[in-house]
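Student: structure here, sequence nowhere to be found:
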């Protein structure tokens, strides 16, 4: 009898653990993916805080994730017919297209996002009706101005023998690595469909230091493990604002611009209210704060002017905007897994 | 007097919650993990009726994965050897000092277990990293090196991190084995004219082998399957199976590859534990 009671209790507790509803969704907590480090601050101070003040019952939890690690969790939850553990996420254009393909993004209800009318229409078109174009950043070259005396002007300068062993890269599983791969291909006679020249060029760049993600790459500058690297304009700006001798250049034939879309994730239980966050991210207030020192996120709202001190990080003139490289991502995204596998086989130690 | 059968049943009753817990949260998930390598998974959903050996065949037929498994093995073995080299003297010292010193030593030995492994690994990133890292600064200062050496993002860095984190798992079993020794055996050796070194290598070390082997098995398996240390100290291209599984699932959504590699990692770890046991039995035959 006693055994039966004990066994029954065990199963009872375990059963209760398994049927208990997940906390998110019930507690009024919206989970939003964000950047790591100080780049997260615009989300926290100018998006989440005013939103929470306007909605006292709701909280927004920001989760740093740069490699799209949340996607696997969302996929698993949806496959098990559970609500998504993530409600909103910013995605650069490559993962944005990938998530649309996987059916993991919620279509934007434009009626709930009046600020969409203020966004650059070219960016809005790129969103394909999912999420909103929140900001854009550039992939250029960051360098330590105390160690690199000749100011780099071209992507080719990364191959300068003076920096051998002091060049930092990230794997092509990140947008940064993927963007650099395409830049390297184009510079050597290839393009999005022909990446072979890029592989050869990067092989000849060895030995280089490979960081697991862009934030870790930026940290390598702090410790002087590297002196030059392809880097996000925003990460370079944050390093410079810490007083480090890090400078950013938009190299020839052009820096790569990548738009970041803030989207609602399929299976979110907050789709209606989350549209308000999409609207707020496009607001002049948020856009001007995110474009200001020290973040320098490129504004997507036509009414927000780029501040003069952002000139090193964001294009300020029409001519500069014309010089930016854009990547034909729809060609790259379907073969992304194969690219990452190739990267591992080429460079995994 | 109670019959032994009643005693056994009472013990079984006490173990019931743990057994049920292990079946539900360990055995079934492990079987599922193994099975996920034998079916096609699309968008995290198992395609019904898609039983196939293709995923296992693809990975087992690819020399690339053998290289990564071999690296993972060296990582585990390296950490085990270093833990033994650094851990044994500490354990020996522990058995030779007075009660007050023991207290201090015990705190020092256990201190690494009091903080999270990830936090400690971040500490190592600062110590090992670059020109500004503590180690390079020190070596440069005393003139041992002219140029900073790269430790972060290398196998050396990973082994340093693993060794520090796993040391208690080596030291504690060795202490237990050394404490269990009959001191009169050492006195007898000394009385028969053995030097300190002879006594140590012919009496103390052989008698402590059960502890050494337990500690080695523990450290090897924990290091062989470790994720956090190689992920943080190994850098972006440090390929060992645990970091590779993470990338396959979280960055590439290749659930099949992740399941096959996880099963193989678990399987090979079990095989190595079994080999360890066989070797121990052989090495310790004289103790019976």
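Tutor: Here it is on my side, so go on. These figures come from a predicted structure and were not determined experimentally.
Student: residue A:59 reaches residue A:28, doesn't it?
Tutor: Yes. The pair formed by residue A:59 and residue A:28 meets the contact definition of CB atoms under 8 Å, at 6.6 Å. Every residue, glycine included, has its C-beta placed from N, CA and C.
Student: how far away is residue B:43 from residue B:235?
Tutor: 31 Å (CB to CB, to the nearest Å).
Student: more neighbours: which of those two?
Tutor: residue B:235 (27 against 14; other CB atoms under 10 Å in any protein chain shown).
Student: just say helix, strand or coil for the more buried one.
Tutor: Classification of residue B:235 using DSSP: H, G, I helix; E, B strand; the rest coil returns coil.
Student: OK, contacts around it?
Tutor: Contact partners of residue B:235, counting by CB atoms under 8 Å, 6 or more residues apart in numbering or on different chains, are A:209-212, A:216, B:152-153.
Student: and which of these is nearest to residue A:320?
Tutor: residue A:211 (28.1 Å; CB to CB).
Student: what residues are up against the closest one?
Tutor: Contacts for residue A:211 (CB under 8 Å, 6+ apart) come out as A:168-170, A:217, A:219-220, B:153, B:235-236.
Student: same thing but at 6 Å, please
Tutor: Shown in contact with residue A:211 (CB atoms under 6 Å, 6 or more residues apart in numbering or on different chains): A:168, A:170, A:217, A:220, B:236.
Student: quick check: the closest residue to residue A:104 other than its chain neighbours vs residue B:102, distance?
Tutor: Closest residue to residue A:104 apart from its sequence neighbours, by CB to CB, 6 or more residues apart in numbering or on different chains: residue A:266 at 5.0 Å. Residue A:266 is 59 Å from residue B:102, where distance means CB to CB.
Student: okay, these two: which has more neighbours?
Tutor: With neighbours defined as other CB under 10 Å, residue A:266 and residue B:102 compare such that residue A:266 has more, 20 against 15.
Student: next up, phi/psi of that one, please.
Tutor: phi -60, psi 140 (degrees, to the nearest 10).
Student: just checking, it touches residue A:102?
Tutor: No. Counting by CB atoms under 6 Å, residue A:102 is not a contact partner of residue A:266; they are 9.0 Å apart.
Student: and the longest strand anywhere in chain A, what does it pack onto?
Tutor: In chain A, with assignment by DSSP state E, the single longest strand is strand A:132-144. Contact partners of strand A:132-144 among helices and strands, from 3 or more CB pairs under 6 Å, 6 or more residues apart in numbering or on different chains; DSSP states H and E: strand A:228-232, helix A:233-241, strand A:246-249, strand A:256-264.
Student: paired strands for that strand, with orientation please.
Tutor: strand A:228-232 (antiparallel), strand A:246-249 (antiparallel), strand A:256-264 (antiparallel), strand A:298-299 (antiparallel) (DSSP bridges).
Student: what are the buried residues along the longest one?
Tutor: Of the residues in strand A:256-264, those with enough neighbours to count as buried (16 or more other CB atoms under 10 Å in any protein chain shown) are A:256-264.
Student: any idea of the mean pLDDT for that strand?
Tutor: For strand A:256-264, mean pLDDT is 96.
Student: for it, the distance to its chain's centre please.
Tutor: Relative to the chain's own centre, strand A:256-264 is displaced by 7 Å; criterion: CA atoms, centre = their mean, to the nearest Å.
Student: give me the angle between that strand and helix A:233-241.
Tutor: Interaxial angle, strand A:256-264 versus helix A:233-241 (axes from the mean of the first three to the mean of the last three CA atoms, to 10 degrees): 100 degrees.
Student: give the next helix or strand downstream of strand A:256-264.
Tutor: Remark: after strand A:256-264, the chain's next helix or strand is helix A:271-281, criterion DSSP states H and E.
Student: now distance to residue A:45 too, for the helices and strands packed on strand A:132-144, in TSV please.
Tutor: Putting the helices and strands packed on strand A:132-144 into TSV (distance: least, CB to CB, whole Å) gives the following:
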stretch	distance to residue A:45
strand A:228-232	20
helix A:233-241	14
strand A:246-249	23
strand A:256-264	16
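Student: what's the pLDDT at residue B:229?
Tutor: 94.
Student: residues in contact with the residue nearest to it when sequence neighbours are not counted?
Tutor: In space, and not counting its chain neighbours, residue B:229 is closest to residue B:161: 4.5 Å by CB to CB, 6+ apart. By CB under 6 Å, 6+ apart, the contact set of residue B:161 is B:121, B:124, B:229, B:233.
Student: write out the residues of chain A neighbouring chain B.
Tutor: Proximity of chain A to chain B, by CB under 6 Å from any CB of the partner chain, involves residues A:3, A:6-7, A:10, A:14, A:67, A:69, A:72, A:75-76, A:79, A:170-171, A:173, A:210-212, A:223-225, A:337, A:345, A:347-349.
Student: ok, the helix or strand harbouring residue B:119 near chain A or not?
Tutor: For residue B:119, the host element (DSSP H and E) is helix B:117-128. No. Using CB under 6 Å from any CB, helix B:117-128 stays clear of chain A, with a minimum separation of 8.1 Å.
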